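# got a predicted model here, sequence first, then my questions.
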Amino acid sequence: MIADKLLHWYDRHARVLPWRSPPGGAAPDPYAVWLSEVMLQQTTVAAVKPYYERFLARWPTVEALAATEDAELMAAWAGLGYYSRARNLLACARAVVTEHGGRFPASAAALKRLPGIGDYTAGAIAAIAFGESAAVVDGNVERVVARLFALESKAAVREQAAAITPAARPGDYAQAMMDLGATICTPKRPACGICPLREDCRAFARGTPEAFPVRAPRAEKPHRRGIVFWAEAEGDVLLVTRPAKGLLGGMRALPTGSWGDAPSLGEAPFAADWQMLKGNVRHVFTHFSLDLSVAVASVGRVNAEGEWWPIARLGEAGLPTVFDKAARLALESRMSLIAC
DNA sequence: TAAGCGTGGTG
DNA sequence: TCACCAAGCTT
């Protein structure tokens, strides 16, 4: 009933997206579905599009992706965020090649055993690429179902979402739910006036659609300070690769001290005449905000941990956004030093 | 279980 | 300027 109405709406209003087949179309390539779904985890469609196109052109198959070097993959992911996804993407591709003969397993249960694939992504790939009637509950679906049935707990939402998942066209249905949530049943000011499920919606009947889903209050973000070091030698800049786990793990970066209360030049990668740049870099991560000072030094090609990288090719290094900001500040203001 | 994990768009 | 939040996963 709900599914029929939703699919009828989807047949007329489906968004056109690079990774998507038209409604009722042939099942898309599981590799392409997986790639798009991982990129879309907590990430907007607009941000994903250019990365998806670049990745698919550079790595058209899971075999090609599995064979690439870690550093190239991580650099290609730079700027998209949540970098553990990139590490897991590579681990998953290699597992598909070595343990599954290069073919993605066709069930949600088997997909979920692969790195970086949780409940949502397993269900989405199974439904979209393999036609399995799997429950697909992302943030959109949680919101739509919570409003339809006026539910306050995540467990109840998951149960209802599974109960109304149809046997027919499960992939279109999953994408229809997400399109509805993204374009009509939005977090704020939902467009109930044009919603195909308005007559079925308990939250609409109550006049309080925005009251669902119930959100826990979020903790206050702490503020941290730090220094990054721009060490320049003969047209090169010193880059390091961050430890594989943790914040920005596995990514190339500028050397940096710890981020906390009192940054110190004592954390520089080597002794030099470090000069603090005017201005700073402000950046907001998921769980803290950061003010970075930039210290610069022009040196000989000293022995230092890391790699000396040509400044002219810095764009190819794949720096995460926070370090890209710092690099831009260094390049803009190298001429306007002040004493520290 | 709750915390850790990025970034950019939007109102 | 700032709070909110987007096709979540891992530990």
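In hand now; what should we look at?
# please make it C-alpha for all contacts and neighbour counts, starting now.
Noted.
# show me the helices in chain A, by range?
Read by DSSP state H, chain A holds these helices, from start to end of the chain: A:2-13, A:30-40, A:45-58, A:62-66, A:70-77, A:84-100, A:108-111, A:119-130, A:139-148, A:154-163, A:170-183, A:202-206, A:321-333.
# next, the buried residues of the fourth one.
Residues of helix A:62-66 classed as buried under the neighbour-count rule (16 or more other CA atoms under 10 Å) are A:Val62, A:Glu63, A:Leu65, A:Ala66.
# circling back: reformat the helices of chain A into CSV and put distance to A:Val281 next to each item.
Output for the helices of chain A, formatted as CSV (distance: least, CA to CA, whole Å):
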stretch, distance to A:Val281
helix A:2-13, 42
helix A:30-40, 27
helix A:45-58, 22
helix A:62-66, 34
helix A:70-77, 21
helix A:84-100, 24
helix A:108-111, 40
helix A:119-130, 35
helix A:139-148, 31
helix A:154-163, 38
helix A:170-183, 32
helix A:202-206, 43
helix A:321-333, 6
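# quick one, domains of chain A?
Residue ranges for the structural domains of chain A, counted by automatic domain parsing, are given in the record as A:2-211, A:223-333.
# save these as TSV, and put in distance to A:Pro217 and mean pLDDT too.
Formatted as TSV, the entries for the domains of chain A read as follows, by distance: least, CA to CA, whole Å; pLDDT from 0 to 100:
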stretch	distance to A:Pro217	mean pLDDT
domain A:2-211	14	97
domain A:223-333	14	94
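# pipe the ones you listed into TSV and attach distance to DNA strand C per row.
Formatted as TSV, the entries for those read as follows, by distance: least, CA to the nearest atom of the strand, whole Å:
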stretch	distance to DNA strand C
domain A:2-211	3
domain A:223-333	7
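# nearest residue to A:Ala134 in space, please, no chain neighbours.
The spatial neighbour of A:Ala134 that comes closest, neighbours along the chain excluded (CA to CA, 6 or more residues apart in numbering), is A:Gly123 at 5.2 Å.
# burial of that neighbour, as a residue count?
Residues contacting A:Gly123 under the criterion other CA atoms under 10 Å number 27.
# what's the residue closest to the geometric middle of chain A?
Central residue of chain A (CA atoms, centre = their mean): A:Thr43, 4.5 Å from the mean position.
# give me phi/psi at the nearest residue to that residue once chain neighbours are set aside?
For A:Thr43, ignoring the flanking residues on the chain, the nearest one in space by CA to CA, 6+ apart is A:Leu80 at 8.0 Å. For A:Leu80, the backbone dihedrals are phi -90, psi -20 (criterion: degrees, to the nearest 10).
# for the one 3 residues further on, same thing?
Here the main-chain torsion angles of A:Tyr83 (degrees, to the nearest 10) amount to phi -70, psi -20.
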